[in-house]
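A.B. asks: Sequence first, then the predicted structure:
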Amino acid sequence: MAKYIGIRVLATIPLLFAIAVVTFLIAVAMEANGSIAGQVCGEGATIECIAEVEESLGLNDPLPSRFVSWLGDVVQGDLGVSLLDRNAGVGELIGERIWPSLSIVGLSLIIGISLGMLMGIIAAIQPGGLVDRIFSITAASVIAAPGFLIGMMLSWGIGVELGWLSPIGYTPFGESVTGWFKSLILPSIALGMPTLAIVQRQLRSSMANALQSRYVLAARARGVGRATLIGRHALPNAMIPTITVIGFRAAAAIGLTTAIEIVFGIRGMGELLVTSILNRNVTVLQGGMLVVGLVVATVNLLVDISYGFLNPKVRLNK
Amino acid sequence: MTESQLPSEPSGDASPAKPDSPRRRFWRRMFRNPLGVFSMIWFAILIVAWIWPELLATHDPFKQDVTLQRLYEGPSGDHWLGTDQFGRDFYSRVIHGAGLAFRSIIIAMTIAVGVGVPLGLFSGWRGGRLDRAIMWVNDVFFSLPIILLAMAVIIILNPSLDNAMIGVGIAMSTRFTRLTRAVTLQEKEELYVDSARITGLSTRTILSRYIAPNLMSSLIVQAAIISGAIILIGATLSFLGIGSSLDDPDWGVMLNRGRELFRVHGVWQIVPPGGALILTVLAFNLLGDAIRDAIGRDASNNALTITKRVSVAPASTSHAEGDDVVLSVRDMDVEFPGTDGRISQVLEGVSLDVRAGETLGVVGESGSGKSMTMLSALGLTPAPGRMTRGSVQFDGRDVTNLSEGEWQQIRGKDVGIIFQEPIAVLNPAIKVGKQIMEPLMIHMDMNRDEARARAAELLAEVRVPDPERRLDQYPHEFSGGMAQRVGIAMALACEPKLLIADEPSTALDVTVQGQILDLMAEVQQRRNMAIILITHDLGVIAEAADRVLVMYGGQVMETASAGDVFFNPKHPYSKALLDTMPQNHSGEGALAVIPGVVPSATAWPAGCRFAPRCAHAIDDCVTTMPPLEQVESDMVRCLRHGTDLVLADPAEADA
């Protein structure tokens, strides 16, 4: 297993490199659109100002050498400074903003995966039954609703009308742990509901397949009880396709948390990325996308590793 | 599909009465599905709203209420869905939003299909290193959040819905590349493409004639679902303020406007655009599901695993007497309800007895109901099938109506089953040792260490070399022969009174076959165990069976001692089976085959089920179902037994 994990970690390096190249090229493309120096100098920019900025940012160097020096800085953790505020380091900006985002994504995945698996298993035990049909209709409707809309409904219903939780805002972990957790509940449910529905649907169908398999029939013929059939025989095999779906959903949730944060007025990565897009603040964007890409690559790595745990063929053959 | 799963296709599309074109059947199924109808109606409305919004809209979607009197209204006769913060009519804005939604789909889908499908076709067809490189890049993009890719394009160009949709289209193209490549690879493997290539057809012809039609149905289903996703992402981007411009009647923009207001001015501010959005995405998803169902794939997904209990009509004949009768089945009927309401009767009036120390051979072609008989006798009828009549006694006890829990006490302990396909019956995710230990820990009250020690002994008994190491291996590390030994070890673990062996040696090579049969005979002698040996190989029967049950079309055709079946067969089907044995072949000319095929369980012949293929059939055979009758010490189901029917014995036939 250690060898398998080692190989998977090494396989992540080219992915990270590809993300770095894409991020770098985004900045190059923006520049071809003639905006970086103009953005810094503001309206009515003088030619001198633009020349100075281009010189200081190294925009006149050839592309490969720019990429190497940029990547060198990035590897050392230096993401540069914000174009709009020379005193604000991009690294620090992201460091402030990423924790609310990661907290929401993390809790939403915990909620979505655990409840989704539970509901998927329950539905698979009696496919076509009443519970299965109720779950299926609910899952189909939830998948059709964007998370931010669910978030607005929750903010209004539970936050405003019932007053159980604050309809808006975020409490940092350092300030109050319970406050932090409470402020995460509604955004995480909003982001986690579609996850729940997707996991439920996938696990239900792969459980139904596994329960119809020859090895489950053979286990029944050995006198294996229902609970063991479901939990020990069908579930590990049904989890293999489900893990794939969870991986995709985790990556999507990292993107979709931006809209959830905006609903709940949380200053996370979402707001940082959106304002940077509107301001064309290229250094912040580059750093933000790089960090998000890193998170996605980590999720992919975790998915690959869990395949190894679930599927002996994968683990032993590679 | 293997014979013991379903003896024939009970839910198949075999409807000889109505030759229906696939296209008509597709639309008939679409209109019969209420969710499909709902989605089609919703799309009809949306398409009208897209092409001719003025027809449906009651107000100008941009016209603000200058008097500031009618802001944040709820639904009324004038404003059906109320008004927004500028007093604009929500209903008309939602109607006009349909056009923007379709525009997004068209832009993104054109790019997604236009890039993804050719790339997938090329990559899958070409194969090799280039294919791997393309798929690696594709997977990198596939794993990135779509929102992020859309943002990247927006950054480079300018924030607008069209630009965002370029990004979404690129992201979605990775889905189409994967799908197209998978279908291309699959079709490429198919033999007919190989033969088509040999006969000199151009690549273009093969792609358009063979691959494209198979690709089309998957593409349409995928396109419907992805259209829904495109609308969701477009709405999210507009909601973030980086999609449609802030005055457009875009559903996402309306939600963006509502997000500041709904906590203060009431949740109604987000209901009209939110509702339109959810219904549209839902309609796309339901449409995708409905198309998939109407094409007819994935329909098997709904089968119950543990069948609902139904009342079983009693048998009309009594069970065999005697202490040594291990299993006795009388008049067993098993039915499968089809998806279209037709019922197929896969077993009819099956009776059998097996005594301690005896081997009962069960023979018949694939689809004759051999495996189904054994599964149903042990309460393992695959869903949605069910036993509707009959009586089963096991070891002197009536087990016809046992619950699953009561069966668990018997299965694995008093009766062991060896299945065909030895590798498929082992759980790929569990170590082989753990699987052998299961019956020991469940039935023999052993703890983990005892069970492990016994499992190693059992593997040694069935001559698996190096048993200790083998216990810790997974099924994929076993060959077919070794896996079948594991199957035997598991079936014998608790020293059962009855061993049911379903084609135990069919998948194995000849030398291993002999070893497996010898092994079973050895254990039988030692323990006075009863064996039911299911096979279509009469050679195996000749070697191992004391008595023989001949099955055809879900019925017992003949039961007799092994000697009688081989030297004095009374049923034409038994005789026909004997003639197909290579041993009975003179060595000249082609090996005899029984003409025709086993009929489907949905369409049994009215009279004798074998009549259409029988060389001795007379007119009565076609109209009258023969009963199972006692002839000397045997039972035979044939109208013509005892008449002038002469079935020569194999030795004479050879001469």
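C.D. replies: Everything's here; your move. Please read all numbers here as calculations on a predicted model, not as lab measurements.
A.B. asks: what about the chain, any weak spots by pLDDT?
C.D. replies: Defaulting to chain A. Scanning chain A for pLDDT under 70 picks out A:32-40, A:42-45, A:56-58, A:316-318.
A.B. asks: Let me rephrase: I mean chain B.
C.D. replies: Using pLDDT under 70, chain B drops low at B:1-20, B:190-201, B:296-310, B:339-341, B:507-508, B:583-591, B:642-655.
A.B. asks: Show me the strands in it, by range?
C.D. replies: Taking DSSP state E, the strands of chain B run over residues B:325-337, B:343-355, B:359-363, B:386-394, B:397-398, B:415-418, B:498-502, B:530-534, B:547-552, B:555-561, B:629-631, B:634-636.
A.B. asks: what's the closest non-adjacent residue to the residue in the stretch 201-318 of chain A that chain B sits nearest to?
C.D. replies: Of all residues in the stretch 201-318 of chain A, A:G255 sits closest to chain B, at 2.8 Å by CB to the nearest CB. C-beta coordinates here come from the backbone N, C-alpha and C atoms, glycine included. Setting aside the residues directly before and after it, A:G255 is nearest to B:P145 in space (CB to CB, 6 or more residues apart in numbering or on different chains), at 2.8 Å.
A.B. asks: Over to B:I618?
C.D. replies: B:R640 (6.9 Å).
A.B. asks: The residue of chain B at minimum distance from chain A: how many residues sit nearby?
C.D. replies: Relative to chain A, the nearest point of chain B is B:P145 (2.8 Å; CB to the nearest CB). The tally of other residues near B:P145 (other CB atoms under 10 Å in any protein chain shown) stands at 24.
A.B. asks: how close does it sit to A:V296?
C.D. replies: Distance, B:P145 to A:V296, using CB to CB, to the nearest Å: 7 Å.
A.B. asks: Now the common contact residues for the two.
C.D. replies: When CB atoms under 8 Å, 6 or more residues apart in numbering or on different chains defines a contact, the residues bordering B:P145 and A:V296 alike are A:251, A:254.
A.B. asks: Where does the residue positioned nearest the centre of chain A fall, secondary structure wise?
C.D. replies: Chain A has A:I254 as the residue nearest its centroid, 2.4 Å off, counting by CA atoms, centre = their mean. For A:I254, the host element (DSSP states H and E) is helix A:235-263.
A.B. asks: circling back to that earlier point, right, and the residue nearest to A:G255 touches A:V292 too?
C.D. replies: Yes: look at B:P145 against A:V292 with CB atoms under 8 Å: they come within range, at 7.3 Å.
A.B. asks: Overlap of the contact sets of the two?
C.D. replies: A:254-255.
A.B. asks: rewinding a little: which phi and psi values does the residue nearest to A:G255 adopt?
C.D. replies: Note on B:P145: backbone dihedrals following degrees, to the nearest 10 are phi -60, psi 130.
A.B. asks: so how far is A:R204 from it?
C.D. replies: 25 Å.
A.B. asks: which residue lies farthest from the center of chain B?
C.D. replies: Chain B, farthest from centre, CA atoms, centre = their mean: B:T67 at 64.3 Å.
A.B. asks: What ranges does the stretch 451-600 of chain B have for its helices?
C.D. replies: Secondary structure of the stretch 451-600 of chain B (DSSP state H, counting those that start in this stretch): helices at B:467-471, B:480-492, B:510-527, B:538-544, B:562-567, B:572-579.
A.B. asks: OK, contacts around B:P53?
C.D. replies: So B:P53 contacts B:92, B:95-96, B:98-99 (CB under 8 Å, 6+ apart).
A.B. asks: Contacts made by stretch A:168-184 with the rest, please.
C.D. replies: A:99-100, A:103-104, A:107, A:155, A:159, A:165-166, A:264-268, B:263.
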